[in-house]
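Asker: Structure for the following, please:
(2 chains)
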Amino acid sequence: LKKQGSDSSPASVMPALPEPIKDLKIKYTKIFINNEWHDSVSGRKFAVFNPANEEKICEVEEGDKEDVDKAVKAARKAFELGSPWRTMDASERGRLLNKLADLVERDRLILATMEAIDGGKLFSTAYLMDLGACVKTLRYCAGWADKIHGRTVPMDGNFFTFTRHEPIGVCGQIIPWNFPLVMFIWKIAPALCCGNTVVVKPAEQTPLTALYMGSLIKEAGFPPGVVNIVPGFGPTAGAAISHHMDIDKVAFTGSTEVGKLIKEAAGRSNLKRVTLELGGKSPNIIFADADLDTAVEFAHIGLFYHQGQCCIAGSRIFVEEPIYDEFVRRSIERAKKYTLGNPLLPGVQQGPQIDKEQFKKILELIESGKKEGAKLECGGGPWGDKGYFIQPTVFSNVTDDMRIAKEEIFGPVQQIMKFKTIDEVIKRANNTTYGLAAAVFTKDIDKALTFAAALQAGTVWVNCYSAMSAQCPFGGFKMSGNGREM
Amino acid sequence: PIPLPLLSLQIFINNEWHESTSGKKFPTYNPSTLEKICEIEEGDKPDVDNAVEAAKAAFQRGSPWRQMDAPSRGRLLHKLADLLERDRVILATLETMDTGKPFLQAYFIDLEGCIKTLRYYAGWADKIQGRTIPVDENFVCFTRHEPMGVCGAITPWNFPLLMLVWKMAPALCCGNTLVIKPAEQTPLTSLYIGSLIKEVGFPPGVVNIVPGYGPTAGAAISTHDNIDKIAFTGSTKVGKLIKEAASKSNLKRVTLELGGKNPCIVCADADLDLAVECAHQGVFFNQGQCCTAASRVFVEEQIYPEFVKRSVEFAKKRLVGDPFDARTEQGPQIDQKQFDKILELIESGKKEGAKLECGGLAIEDRGLFIKPTVFSEVTDNMRIAKEEIFGPVQPIMKFKSIEEVIRRANSTEYGLTAAVFTKNLDRALTLASALQSGTVWINCYNALYAQAPFGGFKMSGNGRELGEYALAEYTEVKTVTIKLSQKSP
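Answerer: Residues are numbered from 1 along each chain as shown, chains lettered A, B, ... in the order given. I've put the predicted structure just below:
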């Protein structure tokens, strides 16, 4: 997997893959406020499940409005003028973030095992990719901490004017279940780098790695109240955050449907600033002059990575007519090569979907594809008798009006459609309310740069897919989001 | 301080230690004891040529250094900072032996600055961004901020390691390779860092160190046709020669950090204790051997006698002695040449009619120690008011009005730093705008941090070190313009 791009320098060689920890003990299951662990105010707990076998891993304290209130109070106090966090040198904030990266590196095996068990994520992917991205992102943001510059401005009249780029304040951050740890880091790293304090609500399906991070944050030496973590559900804890009158900004990664609710709540309450990373139905455009093997491989990984549960999934593949049949043939071959099973085991290439709700939704969309006349090339149904596994599925002869061509599936289902001309495919690619990512495969410089300009997407990949790095901004056009991360 | 391990005393090229081509060596002395510490391989033009060849090869397209991801360059700089932290006592000890600066200052100030500067630039490595630019007509246009190539760095003897890190950190951060010539008086810490560079894992040829003399090794660097940029910290006199040589040879890019005759303006409404102490440290720090030395103290008339009285008290209390003694605040001057020059300027002060308030001569028969010296009733035409002394001598003059002091402060070809002591906001900001200095300190002195750019107006230098601004001195901008068949949005 070349998701992060190749990195062959002596200073950062890919680590060798160890074995996941057997019988991982889950130590942190409570609410993290002021560097301490708290029971929920209500006394309630909720269960966390392993989607590979549907078994309960443990129970976690269930945060609700009162717990969010406590967390916000702690975060507000930690943000007071004169507090240790506000008076800390900017470079020292950077030191703490680097220290946190060191601790994540130290506990890489624990975190990767936990992420695989909680999220159904392939252990090898979690260890090499997710954890690698976490460390790099923390170090990238650590470097920015003392480089956040304002400007002096030549104003008219007898005035001296300069800008300060101040921290916003208390930031609420709502994290999804598809990349629980990476998305946690994508939110806290820039927030802390700029001097904010945070109240984080991890997804109810996958709270464990976030809670473990609480222990590392305390160990790294962040002052109490700077990071607070409240596990719980969206309609309770999540809504408490988006409606809170004393939270200055909310950042959310998740579905467009919930993103809209959050922005509404922000408007209705205190006009808190909002950034959103939402869904996508990203077009992947393959020209006849592309390197076909490369295109097939990137299109495949671009869709099937992490069981299709990626906001950037290349879920509308437009292939230029002359190579369409060959492209479909090779894509089917590629999809058939999969071993499904326990994501902790080596040799497994696909794990389960995250939960029953997603599982049912994906199967329903697959059925709609069959009903609406797409050609099912392989897969098309569930797999195994335990866990939420779905066979890798490929549809060809997909037309733009089908549900599988319009709705975000978030599963291992690949749609391949045909196109004739550039203008046609630009129109079709842009014909969606989404706009997160897009890709074009061609050797022609003119085509590549034309598409880079014409596609309404926050990221456009040329001759690659999913190439991301902490240095590059990421975010959506239109209803794929507001604002940029990284 | 601790007993020292085997020192690196040779020329460092391609991560290896080499003897000099000529076979010559040169001695380095401890200015406190006047004893020879050891002998160092003496680099000259052939050694510089070898170093440049190595640096050029390390910079080739496709080399490990050129191929390395930017964040990895940053990791290497962080690791180098870690090693400086690990070997902090060794480096501070070497620096004290070689320069005579008090050990505690080397440890807490020089080494602290080195470590923080490395970490600051480690953070910039992967944030050096070009721009995309909306040009007219059917073009895609963007800039790349590329490394310049082989950078020559010639460093001084007053803050040997710190001045080296000020150049090395941004140079490496931006992806350049280096050929360094440390001052002949103080090569030890620069050579030690060669061993750390190798230990950290910088590819061979990225950093090369050639100890030697200015007219030989230094001139070889400034005239070299295969060096793309030169950075120099030292005297204005030599800085001019370097810029000339750069122009005559291959138009290599030049940054210079040169001398200063820095005004320190104390207004009547200042916090007097603060001003006296800052002005004192400002001129006497590092035995007066700072480009930032507060060597023209302008005091508003009303508080002049009191200011002089308190300054003399401070100067008389200043403890001069063995730099390894924890109580010492001032060590020896660096060498006989500087020592003689300072005493000569002191004599000129006496002759030209300044009032000698204290000090004014050397401390013992043997040694390079000079008594902290204060002159009052100094006028602008005196040599001690015009020439950079680079010694423990504080000239204090009087002023009446703000307009007058602005004019007098700016009447110099130097322009490195300035300081203002006042509680009045308007006066502070007016002076900050009016003074022709690269840095203006308000109610403080020598407040230098990796995040803030530093450099001189006028003949105190060209370009800036530190801060984001230094990156511009170590990158070359390339504009790429691509034709499209149609106009794109």
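Asker: For B:G367, which residues are in contact?
Answerer: Counting by CB atoms under 8 Å, 6 or more residues apart in numbering or on different chains, B:G367 makes contact with B:32, B:34, B:332. All C-beta spots, glycine's among them, are computed from the backbone N, C-alpha and C.
Asker: Tell me who's in contact with the closest residue to chain B within chain A.
Answerer: Closest contact between chain A and chain B, by CB to the nearest CB, is at A:G143 (2.5 Å). Residues counted as contacts of A:G143 (CB under 8 Å, 6+ apart) are A:94, B:74, B:122-127.
Asker: and if you look at A:I188?
Answerer: A:173, A:198, A:200, A:227.
Asker: Among those residues, which one has the most neighbours?
Answerer: Counting neighbours by other CB atoms under 10 Å in any protein chain shown, A:V227 leads the contacts of A:I188 with 30 neighbours.
Asker: Show me how to select, in PyMOL, the buried members of the contacts of B:G367.
Answerer: Buried members of these, defined by 16 or more other CB atoms under 10 Å in any protein chain shown, are picked up in PyMOL with:
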select buried, chain B and resi 32+332
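Asker: hey, where'd the strands end up in the stretch 201-350 of chain B?
Answerer: Remark: strands assigned in the stretch 201-350 of chain B by DSSP state E, counting those that start in this stretch are B:207-209, B:229-233, B:253-257, B:263-266, B:296-300.
Asker: can you redo those as CSV with distance to chain A and mean neighbour count?
Answerer: CSV is the format used below for the strands of the stretch 201-350 of chain B (distance: least, CB to the nearest CB, whole Å; neighbours: other CB atoms under 10 Å in any protein chain shown):
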stretch, distance to chain A, mean neighbour count
strand B:207-209, 15, 29
strand B:229-233, 21, 27
strand B:253-257, 20, 23
strand B:263-266, 18, 28
strand B:296-300, 23, 26
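Asker: Adding mean pLDDT, write those strands out as CSV.
Answerer: Compiled in CSV, those are given as follows (pLDDT from 0 to 100):
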stretch, mean pLDDT
strand B:207-209, 98
strand B:229-233, 98
strand B:253-257, 96
strand B:263-266, 98
strand B:296-300, 98
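Asker: Make sure B:A419 is actually in contact with B:A447.
Answerer: No - the criterion here is CB atoms under 8 Å, and B:A419 misses it with B:A447 at 9.4 Å.
Asker: overlap in contacts of those two?
Answerer: With CB under 8 Å, 6+ apart, B:A419 and B:A447 have common neighbours B:W441.
Asker: Have a look at those two and say which one is more surrounded.
Answerer: Using other CB under 10 Å, the more surrounded residue of B:A419 and B:A447 is B:A419, with 29 against 12.
Asker: Pull the residues that contact the helix or strand hosting the more buried one.
Answerer: According to DSSP states H and E, B:A419 maps onto strand B:417-421. Contact partners of strand B:417-421, identified using CB under 8 Å, 6+ apart, comprise B:260, B:262-267, B:270-271, B:274-275, B:278-279, B:282, B:292, B:294, B:409, B:427-428, B:431-432, B:435, B:437-445.
Asker: Report the inter-axis angle for it versus strand B:296-300.
Answerer: 20 degrees (axes from the mean of the first three to the mean of the last three CA atoms, to 10 degrees).
Asker: quick check: mean pLDDT across strand B:417-421?
Answerer: For strand B:417-421, the per-residue pLDDT values average out at 98.
Asker: Could you identify the helix or strand that succeeds it?
Answerer: helix B:425-434.
Asker: That next one near chain A anywhere?
Answerer: Yes - if you take CB under 8 Å from any CB of the partner chain as the test, helix B:425-434 does meet chain A, through B:429, B:433.
Asker: for that helix, which positions count as buried?
Answerer: B:427-428, B:430-431, B:434.
Asker: on contacts alone, who are the packing partners of that helix?
Answerer: With contacts defined as 3 or more CB pairs under 8 Å, 6 or more residues apart in numbering or on different chains; DSSP states H and E, helix B:425-434 has these neighbours: helix B:402-410, strand B:417-421, strand B:439-442.
Asker: what pairs with the helix or strand following the last one, and is each one parallel or antiparallel?
Answerer: In other words, strand B:439-442. Next along the chain after strand B:439-442, taking DSSP H and E as the criterion, comes strand B:461-462. Strand B:461-462 sits in its sheet next to strand B:253-257 (antiparallel), going by DSSP bridges.
Asker: ok, and what's touching the strand it pairs with?
Answerer: Residues contacting strand B:253-257 (CB under 8 Å, 6+ apart): B:148, B:163, B:228-234, B:239, B:242-243, B:246, B:291, B:454-456, B:460-465, B:473.
Asker: same check, this time on stretch A:426-435
Answerer: Taking CB under 8 Å, 6+ apart as the rule, stretch A:426-435 contacts A:256, A:278-283, A:285, A:316, A:318, A:400, A:406, A:408, A:417, A:419, A:438, A:451, A:454-458, A:476-480.
Asker: Would stretch A:279-296 count as contacting chain B?
Answerer: No - if you take CB under 8 Å from any CB as the test, stretch A:279-296 misses chain B, and the best it gets is 15.1 Å.
Asker: and that stretch, how far out from the chain's middle?
Answerer: Stretch A:279-296 sits 22 Å away from the centroid of its parent chain (CA atoms, centre = their mean, to the nearest Å).
Asker: Can you check the distance spanned by that stretch, start to finish?
Answerer: 23 Å (CA to CA, to the nearest Å).
Asker: And the average pLDDT for that stretch is what?
Answerer: 97.
Asker: Okay, buried residues for it please.
Answerer: A:279-287, A:290, A:292, A:295-296.
Asker: Next: stretch B:127-142.
Answerer: Neighbour-count burial for stretch B:127-142 [16+ other CB under 10 Å]: B:127-128, B:139-140.
Asker: Please tell me how far stretch B:8-26 is from the chain's geometric centre.
Answerer: 25 Å.
Asker: which SS class is the residue of chain A closest to chain B?
Answerer: helix (DSSP: H, G, I helix; E, B strand; the rest coil).
Asker: who touches stretch A:97-110?
Answerer: For stretch A:97-110, using CB under 8 Å, 6+ apart, the contacting residues are A:15, A:18, A:20-21, A:24, A:111, A:127, A:131, A:134-135, A:138-139, A:141-142, A:145, A:189, A:192-193, A:212-213, A:216-217, A:219-222, B:78.
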